[in-house]
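Student: Test case, fold it:
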Amino acid sequence: MTSIDSRMGPRGVNLAEQPLTVSEAEERIQQSCFTTGPAGRIGLELELLVGRTGDPSLKGSLSDGDYREFFEGLKSARVDGNLTLEPGGQFEFSSLPKDSLPEAIQSVHQSMALLRGRAAELGFALTGAGVDPFREPRRITQAPRYSAMEEYFRPWGQAGSIMMCSTASLQINIEAGTSDAEMRDRWDLLYALGPTLAATFANSSWFRGRRTGWKSKRLAAWLALDRSRTGVPYAEGQSDPAAAYTQWALDAPLMMLRRPHGSWKAPLGLTFRDWLLEGRTAVADLPPASLEDLQHHLSTLFPHVRPRGYFEVRYIDAQPGCWWAVPAAVIAALVSDRRIAEHARDICADSPTWEEAACFGLENPITAVAAVKLLTLAALQLQCNSATAVLAKQVEEYLERWTIQGRSPGDDHPSEWGKHIHGCAQESCVVGA
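Tutor: As a prediction, this is how the structure comes out:
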């Protein structure tokens with residue numbers, strides 16, 4: 001899966017460090033963020049909350065040292081992907097992209113089984129929940145990126161600290177498609193499905209020891225933040241999402257400016273386009289904006305679906321146990337066939353707003369009916385291939401456990417998280433373990 005890269009020009013000049021014009025930036029964004037490729041490739045990013053063994057509901061606190069001990073113990077594990085520790089101590093496993101859904105699921109199952117086992121040996125456990133249910137948000141890293149991010153989001157109140165330090169998601173990365181037409185269709189479809197799927201997999205209703213009134217407090221935190229860099233970056237049905245996203249990205253305010261020393265704070269309200277046009281007049285202590293600066297700026301934009309040469313679906317809460325495989329399989333199935341995609345779009349014709357999905361989840365009867373239809377459609381599509389038949393069964397189990405009941409994992413009380421085994425043949429997962 002692709003991204004903007006550095007290139008060497010004549011006589012060893014690093015083109016990534018050369019000043020950009022607005023037209024060059026527009027070209028780079030469209031070329032790098034919206035790229036066609038093998039349509040079946042998929043990768044997953046699992047964010048998980050860290051607790052002590054025997055504390056599946058995460059009531060007990062951890063010190064900064066505990067998080068460092070945990071991460072040091074796991075980062076040497078030979079897994080098929082990359083590991084990171086997020087600003088609030090959330091643990092993230094990013095898989096390598098695979099050529100098919102079954103390969104991706106198998107790879108992640110194997111890596112997660114290893115990571116859970118290693119964590120248990122250290123006295124820690126990994127829990128799949130969209131928001132930490134009891135512990136206060138606390139930033140454990142002093143990295144300048146996160147200091148600047150915290151400062152930038154301060155005007156939006158507690159939503160910024162919750163998002164940075166208390167939330168965990170499942171991100172599903174799929175190729176944009178094999179043609180410009182398929183790319184546009186997938187982009188529109190992933191946004192059309194978003195509210196219904198966010199409600200279906202909502203798993204963050206508890207925060208600070210009580211129910212919040214939101215089925216997905218994680219999504220609610222994102223919805224409360226700066227709309228110039230989050231949410232939906234285009235009008236549905238636009239004929240050229242790449243062009244629309246490019247303008248949206250250039251007009252987003254700078255969140256931070258990388259400096260070798262000191263604060264990364266950016267001038268208030270300065271957009272990337274402003275910096276390109278004004279150079280040192282806008283930012284006196286730094287060179288004009290470069291390709292590397294553009295790449296960094298794009299990493300500070302957080303739409304519900306982020307184009308990165310592939311499409312990064314960001315609206316799903318972290319899931320308990322190994323149920324993360326279900327939203328991955330559902331999305332992969334619904335985009336895999338044009339006829340299925342059109343049917344899925346029709347099912348979501350009366351979808352809730354993003355705010356309604358985050359607040360009410362499947363308590364909304366229209367959303368609940370659509371959720372059952374979507375997962376049933378995905379299961380039927382998965383059954384058509386012997387390689388994905390086991391995933392079809394897991395989707396059906398998810399339907400029976402939650403969706404058909406008008407519930408999602410967020411409706412479970414945290415005290416229940418350690419009572420049920422959520423597993424399949426490839427990984428034995430105890431919720432919260």
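
Student: what residues are up against residue 222?
Tutor: Neighbour list for residue 222: 159, 163, 230, 231, 302 [criterion: Cβ atoms under 8 Å, 6 or more residues apart in numbering]. In this view, the C-beta of every residue, glycine as well, is placed from N, C-alpha and C.

Student: give me that answer again for 7 Å
Tutor: By Cβ atoms under 7 Å, 6 or more residues apart in numbering, residue 222 lies in contact with 163, 230.

Student: Now do the SS call for it.
Tutor: Of the three states, residue 222 takes helix under DSSP: H, G, I helix; E, B strand; the rest coil.

Student: so how far is residue 316 from it?
Tutor: The gap separating residue 222 from residue 316 is 12 Å, by Cβ to Cβ, to the nearest Å.

Student: just residue 73 next, same as before
Tutor: Relative to residue 316, and taking Cβ to Cβ, residue 73 is found at 28 Å.

Student: okay, those two: which has more neighbours?
Tutor: Remark: of residue 73 and residue 316, residue 316 carries more neighbours, 28 against 15, as counted by other Cβ atoms under 10 Å.

Student: any idea which helix or strand carries that one?
Tutor: Using DSSP states H and E, residue 316 sits in strand 310-317.

Student: So what's the residue count around the closest residue to residue 250 other than its chain neighbours?
Tutor: Among residues not flanking residue 250 along the chain, residue 273 sits closest, at 4.2 Å (Cβ to Cβ, 6 or more residues apart in numbering). Around residue 273 sit 17 other residues, with neighbours defined as other Cβ under 10 Å.

Student: Show the model's pLDDT score for residue 56.
Tutor: Predicted confidence (pLDDT) for residue 56: 88.

Student: re the thing from before, for whatever helix or strand comes next after the strand holding residue 316, give me every contacting residue.
Tutor: Per DSSP H and E, the first helix or strand lying C-terminal to strand 310-317 is helix 325-335. The contact list for helix 325-335 (Cβ under 7 Å, 6+ apart) reads 42, 44, 101, 105, 170, 172, 174, 186, 189, 193, 197, 201, 313, 316, 319, 340-341, 344, 374-375, 378, 381-382, 388, 391, 394-395, 398.

Student: Could you list which of those belong to helices?
Tutor: If you go by DSSP state H, the contacts of helix 325-335 have 101, 105, 186, 189, 193, 197, 340-341, 344, 374-375, 378, 381-382, 391, 394-395, 398 in helices.

Student: What residues does residue 356 make contact with?
Tutor: residue 364.

Student: Restrict the host helix or strand of it to CA atoms and write it as PDB.
Tutor: Assigned by DSSP H and E, residue 356 belongs to helix 354-360. C-alpha atoms of helix 354-360 as PDB (Å, rounded to 0.1, in the frame of the first residue of the first chain):
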ATOM      1  CA  TRP A 354     -23.300  10.300  12.200                       C
ATOM      2  CA  GLU A 355     -24.400  11.900  15.500                       C
ATOM      3  CA  GLU A 356     -27.500   9.700  15.600                       C
ATOM      4  CA  ALA A 357     -25.500   6.600  15.000                       C
ATOM      5  CA  ALA A 358     -23.000   7.500  17.700                       C
ATOM      6  CA  CYS A 359     -25.700   8.400  20.200                       C
ATOM      7  CA  PHE A 360     -28.500   5.800  19.700                       C
END
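
Student: what residue ranges in this protein score low on pLDDT?
Tutor: For the chain, the stretches flagged by pLDDT under 70 are 1-16, 235-238, 419-433.

Student: Which parts of it are strands?
Tutor: Along the chain, the stretches classed as strands by DSSP state E are 42-52, 81-85, 91-95, 124-127, 169-175, 206-207, 210-211, 230-231, 302-303, 305-307, 310-317.
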